[in-house]
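Participant: give me a model of this one.
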Amino acid sequence: MSDILILTHVDYCPPGHLSDFLTARRLDFRVLRADLGELDGYDLDRPRAVAVMGGPMSVNDPLPWLSTEVAALRHFIRRDIPLIGHCLGGQLIARALGARVQRMPYTEVGWQPLRRLPQAADDPWVAGLPEELVIYQWHSDTFDLPEGARHLLSSAWCRNQAFAWGERVLALQGHPEITESLLRAWLEGWSHLLDASQPSQQGVEQMLEALPEKVSALQRVAEHFWSRWLGLAGLA
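Facilitator: Purely as a prediction, here's the structure:
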(Lines give C-alpha, C1' and ligand atoms only; values in the text may rest on other atoms or scores of the structure.)
Protein backbone atom coordinates (compact mmCIF):
# COMPACT_ATOMS: atom_id res chain seq x y z
CA MET A 1 0.00 0.00 0.00
CA SER A 2 1.12 3.52 -0.77
CA ASP A 3 2.29 6.03 1.83
CA ILE A 4 0.46 8.81 -0.07
CA LEU A 5 -3.34 8.95 -0.08
CA ILE A 6 -5.39 11.17 -2.41
CA LEU A 7 -9.11 11.53 -1.79
CA THR A 8 -11.38 12.42 -4.71
CA HIS A 9 -15.14 12.93 -4.91
CA VAL A 10 -16.21 12.72 -8.55
CA ASP A 11 -14.66 11.43 -11.77
CA TYR A 12 -14.15 14.86 -13.35
CA CYS A 13 -12.20 16.29 -10.38
CA PRO A 14 -9.11 14.04 -10.44
CA PRO A 15 -5.72 14.82 -8.88
CA GLY A 16 -4.70 16.54 -12.12
CA HIS A 17 -1.15 17.85 -12.07
CA LEU A 18 -0.61 16.37 -8.61
CA SER A 19 -0.54 12.94 -10.26
CA ASP A 20 2.12 14.12 -12.72
CA PHE A 21 4.13 15.72 -9.91
CA LEU A 22 4.20 12.53 -7.85
CA THR A 23 4.82 10.25 -10.82
CA ALA A 24 7.79 12.36 -11.95
CA ARG A 25 9.31 11.81 -8.50
CA ARG A 26 8.63 8.07 -8.67
CA LEU A 27 6.37 8.27 -5.64
CA ASP A 28 3.58 5.73 -5.40
CA PHE A 29 0.15 7.01 -4.40
CA ARG A 30 -3.33 5.66 -3.92
CA VAL A 31 -6.49 7.44 -5.07
CA LEU A 32 -9.75 6.68 -3.26
CA ARG A 33 -13.23 7.91 -4.21
CA ALA A 34 -14.72 9.00 -0.90
CA ASP A 35 -18.15 9.44 -2.53
CA LEU A 36 -18.19 5.76 -3.54
CA GLY A 37 -17.49 4.56 -0.02
CA GLU A 38 -13.89 3.61 -0.75
CA LEU A 39 -12.76 5.00 2.62
CA ASP A 40 -14.78 2.27 4.34
CA GLY A 41 -12.35 -0.30 5.71
CA TYR A 42 -9.28 1.72 4.72
CA ASP A 43 -6.46 1.72 7.28
CA LEU A 44 -6.36 5.35 8.38
CA ASP A 45 -3.07 4.77 10.17
CA ARG A 46 -1.31 3.86 6.93
CA PRO A 47 -0.72 7.11 4.97
CA ARG A 48 2.17 9.44 5.65
CA ALA A 49 0.72 12.25 3.52
CA VAL A 50 -2.89 12.98 2.48
CA ALA A 51 -4.27 15.25 -0.26
CA VAL A 52 -7.97 16.05 -0.68
CA MET A 53 -9.26 17.18 -4.06
CA GLY A 54 -12.34 19.07 -5.23
CA GLY A 55 -15.90 18.26 -6.20
CA PRO A 56 -19.23 19.91 -7.08
CA MET A 57 -20.98 19.07 -3.82
CA SER A 58 -21.13 21.22 -0.70
CA VAL A 59 -19.74 20.22 2.67
CA ASN A 60 -23.24 21.05 3.94
CA ASP A 61 -25.03 18.54 1.68
CA PRO A 62 -26.79 15.66 3.52
CA LEU A 63 -24.49 12.96 2.13
CA PRO A 64 -23.47 10.24 4.61
CA TRP A 65 -20.02 9.75 3.08
CA LEU A 66 -19.13 13.38 3.84
CA SER A 67 -19.34 12.61 7.56
CA THR A 68 -17.12 9.58 7.04
CA GLU A 69 -14.54 11.69 5.24
CA VAL A 70 -14.58 14.48 7.82
CA ALA A 71 -14.04 11.87 10.55
CA ALA A 72 -11.10 10.47 8.59
CA LEU A 73 -9.59 13.95 8.22
CA ARG A 74 -9.89 14.49 11.96
CA HIS A 75 -8.02 11.22 12.47
CA PHE A 76 -5.23 12.37 10.15
CA ILE A 77 -5.04 15.71 11.96
CA ARG A 78 -4.77 13.95 15.33
CA ARG A 79 -1.98 11.80 13.87
CA ASP A 80 -0.19 14.99 12.69
CA ILE A 81 -0.12 13.75 9.09
CA PRO A 82 0.77 16.34 6.42
CA LEU A 83 -2.59 17.25 4.90
CA ILE A 84 -3.42 19.51 1.96
CA GLY A 85 -6.87 20.37 0.61
CA HIS A 86 -7.93 21.75 -2.77
CA CYS A 87 -11.27 23.61 -3.08
CA LEU A 88 -13.85 21.18 -1.62
CA GLY A 89 -10.87 19.49 0.05
CA GLY A 90 -9.95 22.74 1.77
CA GLN A 91 -13.56 23.20 2.88
CA LEU A 92 -13.63 19.66 4.29
CA ILE A 93 -10.45 20.36 6.26
CA ALA A 94 -12.01 23.56 7.62
CA ARG A 95 -15.08 21.58 8.71
CA ALA A 96 -12.87 18.91 10.30
CA LEU A 97 -11.23 21.70 12.33
CA GLY A 98 -14.59 23.03 13.51
CA ALA A 99 -14.98 25.98 11.13
CA ARG A 100 -18.12 26.98 9.25
CA VAL A 101 -18.46 26.54 5.50
CA GLN A 102 -21.16 28.62 3.81
CA ARG A 103 -22.51 29.69 0.43
CA MET A 104 -21.22 32.91 -1.08
CA PRO A 105 -23.63 35.35 -2.78
CA TYR A 106 -21.89 34.64 -6.11
CA THR A 107 -19.62 32.09 -7.78
CA GLU A 108 -15.91 32.81 -8.21
CA VAL A 109 -14.63 31.36 -11.48
CA GLY A 110 -11.47 31.86 -13.49
CA TRP A 111 -7.84 32.88 -13.16
CA GLN A 112 -8.10 35.05 -10.08
CA PRO A 113 -5.23 37.07 -8.58
CA LEU A 114 -4.58 36.26 -4.93
CA ARG A 115 -2.77 38.45 -2.44
CA ARG A 116 -0.37 37.05 0.12
CA LEU A 117 -1.25 38.65 3.42
CA PRO A 118 1.51 40.72 5.07
CA GLN A 119 1.52 38.63 8.24
CA ALA A 120 2.07 35.50 6.12
CA ALA A 121 5.26 36.70 4.40
CA ASP A 122 7.46 34.39 6.48
CA ASP A 123 5.06 31.46 6.70
CA PRO A 124 6.82 28.41 5.21
CA TRP A 125 3.77 27.46 3.12
CA VAL A 126 3.94 30.71 1.10
CA ALA A 127 7.41 32.12 1.80
CA GLY A 128 9.22 32.51 -1.50
CA LEU A 129 6.03 32.97 -3.50
CA PRO A 130 5.27 36.41 -4.99
CA GLU A 131 3.04 38.78 -3.08
CA GLU A 132 0.45 38.38 -5.83
CA LEU A 133 -0.13 35.05 -7.55
CA VAL A 134 -2.87 33.59 -9.72
CA ILE A 135 -4.73 30.38 -8.90
CA TYR A 136 -7.63 28.99 -10.90
CA GLN A 137 -10.99 29.15 -9.06
CA TRP A 138 -14.40 27.54 -9.45
CA HIS A 139 -16.44 27.58 -6.24
CA SER A 140 -19.62 28.92 -4.67
CA ASP A 141 -18.85 28.02 -1.04
CA THR A 142 -16.17 29.42 1.23
CA PHE A 143 -14.68 28.43 4.57
CA ASP A 144 -14.26 30.43 7.73
CA LEU A 145 -10.88 30.27 9.44
CA PRO A 146 -10.66 27.58 12.14
CA GLU A 147 -9.56 28.64 15.59
CA GLY A 148 -5.77 28.92 15.65
CA ALA A 149 -5.43 29.02 11.85
CA ARG A 150 -3.00 31.33 10.05
CA HIS A 151 -4.62 33.30 7.21
CA LEU A 152 -2.31 33.15 4.17
CA LEU A 153 -4.03 34.27 0.96
CA SER A 154 -7.01 36.39 -0.06
CA SER A 155 -8.74 37.43 -3.29
CA ALA A 156 -11.13 40.22 -4.24
CA TRP A 157 -14.07 37.80 -4.33
CA CYS A 158 -13.13 35.41 -1.55
CA ARG A 159 -11.44 36.69 1.59
CA ASN A 160 -10.34 33.27 2.86
CA GLN A 161 -8.35 31.71 0.03
CA ALA A 162 -5.89 29.73 2.12
CA PHE A 163 -5.04 28.95 5.71
CA ALA A 164 -2.46 26.88 7.53
CA TRP A 165 -3.20 25.12 10.78
CA GLY A 166 -0.32 23.90 12.90
CA GLU A 167 2.75 22.98 10.91
CA ARG A 168 1.31 20.28 8.66
CA VAL A 169 -2.13 21.35 7.42
CA LEU A 170 -2.84 23.60 4.42
CA ALA A 171 -6.33 24.37 3.07
CA LEU A 172 -6.67 26.06 -0.32
CA GLN A 173 -9.87 27.41 -1.86
CA GLY A 174 -8.62 27.25 -5.44
CA HIS A 175 -7.51 24.55 -7.88
CA PRO A 176 -3.70 24.52 -8.15
CA GLU A 177 -3.98 21.00 -9.62
CA ILE A 178 -5.60 22.25 -12.84
CA THR A 179 -4.11 21.21 -16.18
CA GLU A 180 -4.87 22.39 -19.71
CA SER A 181 -6.83 19.24 -20.54
CA LEU A 182 -8.75 19.29 -17.27
CA LEU A 183 -9.77 22.92 -17.64
CA ARG A 184 -10.87 22.39 -21.25
CA ALA A 185 -12.95 19.41 -20.14
CA TRP A 186 -14.61 21.46 -17.38
CA LEU A 187 -15.44 24.27 -19.79
CA GLU A 188 -16.74 21.85 -22.41
CA GLY A 189 -18.98 20.07 -19.94
CA TRP A 190 -20.06 22.80 -17.55
CA SER A 191 -19.78 26.22 -19.22
CA HIS A 192 -23.60 26.38 -19.32
CA LEU A 193 -23.44 26.97 -15.55
CA LEU A 194 -21.38 30.12 -15.96
CA ASP A 195 -22.54 33.72 -16.22
CA ALA A 196 -19.81 35.98 -17.56
CA SER A 197 -21.94 39.03 -16.74
CA GLN A 198 -21.06 38.44 -13.09
CA PRO A 199 -17.89 40.35 -12.24
CA SER A 200 -16.71 37.42 -10.11
CA GLN A 201 -16.59 35.16 -13.19
CA GLN A 202 -14.37 35.22 -16.24
CA GLY A 203 -15.70 34.35 -19.67
CA VAL A 204 -14.62 31.18 -21.43
CA GLU A 205 -12.46 33.02 -23.97
CA GLN A 206 -10.68 34.90 -21.19
CA MET A 207 -10.03 31.68 -19.28
CA LEU A 208 -8.54 30.00 -22.35
CA GLU A 209 -6.41 32.97 -23.44
CA ALA A 210 -2.67 32.20 -23.09
CA LEU A 211 -3.65 28.97 -21.37
CA PRO A 212 -0.25 27.20 -21.55
CA GLU A 213 1.48 30.15 -19.91
CA LYS A 214 -1.17 30.41 -17.19
CA VAL A 215 -1.01 26.70 -16.42
CA SER A 216 2.78 26.71 -16.36
CA ALA A 217 2.84 29.57 -13.85
CA LEU A 218 0.20 27.87 -11.73
CA GLN A 219 2.13 24.60 -11.68
CA ARG A 220 5.14 26.35 -10.21
CA VAL A 221 2.93 27.61 -7.38
CA ALA A 222 1.30 24.20 -6.92
CA GLU A 223 4.65 22.43 -6.78
CA HIS A 224 5.80 24.87 -4.11
CA PHE A 225 2.88 23.75 -1.91
CA TRP A 226 3.30 20.08 -2.71
CA SER A 227 7.05 20.08 -2.15
CA ARG A 228 6.56 21.32 1.39
CA TRP A 229 3.73 18.82 1.93
CA LEU A 230 5.97 15.94 0.87
CA GLY A 231 8.94 17.31 2.79
CA LEU A 232 6.93 17.33 6.02
CA ALA A 233 6.15 13.67 5.40
CA GLY A 234 9.79 12.82 4.73
CA LEU A 235 8.93 11.95 1.13
CA ALA A 236 10.52 14.83 -0.78
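Participant: so where do the strands sit in this structure?
Facilitator: 4-8, 30-33, 49-52, 83-86, 101-116, 132-143, 150-155, 162-165, 169-172 (DSSP state E).
Participant: okay, the residue minimising distance to the centre of the chain and F143: tell me how far apart.
Facilitator: In the chain, the centroid-proximal residue (C-alpha atoms, centre = their mean) is H86; its distance is 0.8 Å. Look at H86 and F143: by C-beta to C-beta, to the nearest Å, they are 12 Å apart. In this view, the C-beta of every residue, glycine as well, is placed from N, C-alpha and C.
Participant: again, but for T179
Facilitator: 24 Å.
Participant: comparing the two, which shows the higher neighbour count?
Facilitator: Shown here are T179 and F143; by other C-beta atoms under 10 Å, F143 has more neighbours (27 against 20).
Participant: right, and that one touches A171 too?
Facilitator: Yes. F143 sits in contact with A171 when judged by C-beta atoms under 8 Å, with a separation of 6.7 Å.
Participant: and R74, what is it in contact with?
Facilitator: Taking C-beta atoms under 8 Å, 6 or more residues apart in numbering, we find R74 in contact with A96.
Participant: that one and Q161: what is the separation?
Facilitator: 23 Å.
Participant: okay, now the unreliable bits of this protein?
Facilitator: For the chain, residues meeting the criterion pLDDT under 70 lie at 1.
Participant: my read: S154 touches L114, true?
Facilitator: Yes. If you go by C-beta under 8 Å, S154 and L114 touch, sitting 6.7 Å apart.
Participant: got any residues that touch both of those two?
Facilitator: Common neighbours of S154 and L114 (C-beta under 8 Å, 6+ apart) are Q161.
Participant: give me the more crowded residue out of the two.
Facilitator: Regarding S154 and L114, a neighbour count based on other C-beta under 10 Å identifies L114 as having more, with 26 against 17.
Participant: would you check that the more buried one makes contact with Q161?
Facilitator: Yes. At 5.2 Å, L114 counts as touching Q161 under the criterion of C-beta under 8 Å.
Participant: name the residues contacting each of the two.
Facilitator: With C-beta under 8 Å, 6+ apart, L114 and Q161 have common neighbours I135, L153, S154, S155, G174.
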